[in-house]
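>>> Got a sequence here, can you build the structure:
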Amino acid sequence: MRPSRFDLALSGLLTAWAVAEVLLTPALEPKAVALTAEVAMAAALTFRRVRPLPTVTVVAAAGCLDTLGGVPLDQGMMVIVAPIVALYTVCAWASTRDAFVAVAIFLTAFGIQTWSFRNGIGNFLFGLVFVVATLVAGLTIRARTREAEQTREAAVRRETQLELEARDAADRERTRIARELHDVISHSVTVMVVQAGAAERVSGANPAAMEAMRNIQHVGRQALGELSGLLGVLRDGDESVGMGPQPGLDALPELFDRSAAAGVTVAASIGPELARRLPVGPQLATFRILQEALTNVRKHSLATSARAEVRLVDGVLRLTVADDGPARSDGPPAPGGGFGLRGAVERAKVYGGTVDAGCTPTGGFRVCAAIPVQESR
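From the prediction side, this is the model:
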């Protein structure tokens, strides 16, 4: 570790000060001893953070040399400034043990200087005041610096943990989507196989048509077998996943009733055009996004009511869920906050759709989604 530029500049400035002080102060005699001692003190501060305890030793020794060499103790400022800087550095940057060793070194040096100068106990008490004040200041700064570092480290750890939680939540949501897609696709393939079997029975004496129907049934059954194997992997270790049919738009009234029972009444507006036969996948995605939006209201808002609108406009399922808030402020967000909306975005992407969520001008929260559909025939 090398001395910092700041320490080099500080040492250079204090060295220049020491030279000027010795040369311009007539009482600092003998000049050779005073110049050597004060320059040594100032120069040693270059390494105050690289080698704090050796720096203290050099500064204390130079101070003793200055006094023992006959230089008046009460004429120069460098014999006060250099020890303060050196001791502060040890207290603020080194260990507590080194800090108290430094205190002992300086108190010993002050005792030697007091004995050498023979001016009674006054010099020692003066030095003791400076030592104690510097010790307290250095230890206080060190404690606050370490506290700030710990706070930063905790913030970094928290941010990393949130990122990991977000990734884990996204992975779980993708797996859940995959399970539901399996159910949707399996249903469609099963219908295809059944209809192919029916077509085979009514195809009459057309061998080509019968062979085509048999091929469709064969490929469909293979696909169902592969999908079942995939579902076994996706559901491995998760017994909570049901095997029943997935909900569609016809299940929305039940969803709104459950929301009201949980404390959030829903004013629903469902377009009559939704009575048409729509693909199962977009219906399921719409249901799940509505479900998550209402859950978001219960978790993060003080609202007791919400508005839900679902429309089919130009081949696009459009849904909006909004509340008037305000957001909860009586505690930390519920676990998983924000992850559910990310799952809603993932669901919409499966069908080329989008989800937009944000605060309203009245302080509430709104979730909007658009999912393209191709109407079933």
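
>>> Helix or strand with the lowest mean pLDDT in this protein?
Least confident helix or strand of the chain, by mean pLDDT, DSSP states H and E, is helix 207-234 with a mean of 66.

>>> Show me how far the helix or strand hosting Phe100 is from its chain's centre.
Under the criterion of DSSP states H and E, Phe100 resides in helix 96-117. Its chain's C-alpha centre and that of helix 96-117 lie 47 Å apart, by Cα atoms, centre = their mean, to the nearest Å.

>>> So which elements touch it?
Secondary-structure packing of helix 96-117 (3 or more Cβ pairs under 8 Å, 6 or more residues apart in numbering; DSSP states H and E): helix 52-68, helix 78-93, helix 122-202. For the C-beta atoms, the positions are set from N, CA and C on the backbone; glycine is no exception.

>>> Phi, psi for Gly315 please.
phi 80, psi 20 (degrees, to the nearest 10).

>>> got the contact list for Arg311?
Under the criterion of Cβ atoms under 8 Å, 6 or more residues apart in numbering, the neighbours of Arg311 are 271, 273-274, 317-319.

>>> Show the contacting residues for Pro372.
Counted by Cβ under 8 Å, 6+ apart, Pro372 has contacts 282, 315-317, 351-353.

>>> wait, is Cys368 part of a strand?
Yes. Remark: Cys368 belongs to a strand, assigned using DSSP: H, G, I helix; E, B strand; the rest coil.

>>> what's across from it in the sheet?
In this entry, Cys368 is beta-bridged to Thr320, Asp356, by DSSP bridges.

>>> hang on, it packs against Arg318?
Yes. Counting by Cβ atoms under 8 Å, Cys368 does reach Arg318; the two are 7.5 Å apart.

>>> Pretty sure Gly353 sits against Ala285.
Yes. Taking contacts as Cβ under 8 Å, Gly353 lies within contact range of Ala285: 7.2 Å.

>>> So which of the two has more stuff around it?
Ala285 (29 against 22; other Cβ atoms under 10 Å).

>>> Grab the nearest non-local neighbour of that one.
Excluding the flanking residues, the one nearest Ala285 by Cβ to Cβ, 6 or more residues apart in numbering is Arg347, at 4.5 Å.

>>> Kindly provide the distance from that neighbour to Leu255.
15 Å (Cβ to Cβ, to the nearest Å).

>>> Ile80 now?
From Ile80 over to Leu255 (counting by Cβ to Cβ), the distance is 78 Å.

>>> More neighbours: which of those two?
Leu255 (19 against 15).

>>> Does that one lie in a helix or a strand, and which?
helix 252-261.

>>> Report the inter-axis angle for the helix or strand following that helix versus helix 252-261.
Remark: after helix 252-261, the chain's next helix or strand is strand 265-270, criterion DSSP H and E. Per axes from the mean of the first three to the mean of the last three Cα atoms, to 10 degrees, the angle that strand 265-270 makes with helix 252-261 is 160 degrees.

>>> and the closest residue to Phe130 other than its chain neighbours, how many neighbours does it have?
Leaving aside its sequence neighbours, Phe130 sits nearest to Ile84 (Cβ to Cβ, 6+ apart; 6.2 Å). Neighbours of Ile84 under the rule other Cβ under 10 Å: 17.

>>> pLDDT value on Ile84, please?
The score at Ile84 is 92. That number is its pLDDT.

>>> So it is in contact with Thr134, correct?
Yes. The pair Ile84 / Thr134 is scored as a contact, 5.4 Å apart, by Cβ under 8 Å.

>>> In contact with the closest residue to Asp66 other than its chain neighbours: list those residues for me.
The shortest distance from Asp66 to any non-neighbouring residue, by Cβ to Cβ, 6+ apart, is to Ala37 (3.6 Å). Ala37 makes contacts with 62-63, 65-66, 69, 71, 79, as judged by Cβ under 8 Å, 6+ apart.

>>> What separation do you get for Thr160 and Ala82?
In terms of Cβ to Cβ, Thr160 sits 44 Å off from Ala82.

>>> Ala348 now?
With Cβ to Cβ as the criterion, Ala348 and Ala82 are 69 Å apart.

>>> Below-threshold pLDDT in the protein: ranges please.
Scanning the chain for pLDDT under 70 picks out the ranges 119-120, 170-171, 173-175, 177-191, 193-195, 200-205, 217-219, 221-246, 329-340, 375-377.

>>> Please name the nearest non-neighbouring residue to Trp54.
Heads up, residue 54 is Pro, not Trp. Per Cβ to Cβ, 6+ apart, closest to Pro54 is Phe47, 7.1 Å.

>>> And for that neighbour, the neighbour number?
The number of residues near Phe47, taken as other Cβ under 10 Å, comes to 19.

>>> Just want the most central residue of the chain.
Centroid-nearest residue in the chain: Glu159, 1.4 Å away (criterion: Cα atoms, centre = their mean).

>>> Go over the secondary structure and confirm Arg307 is in a strand.
Yes. Counting by three-state DSSP, Arg307 is part of a strand.
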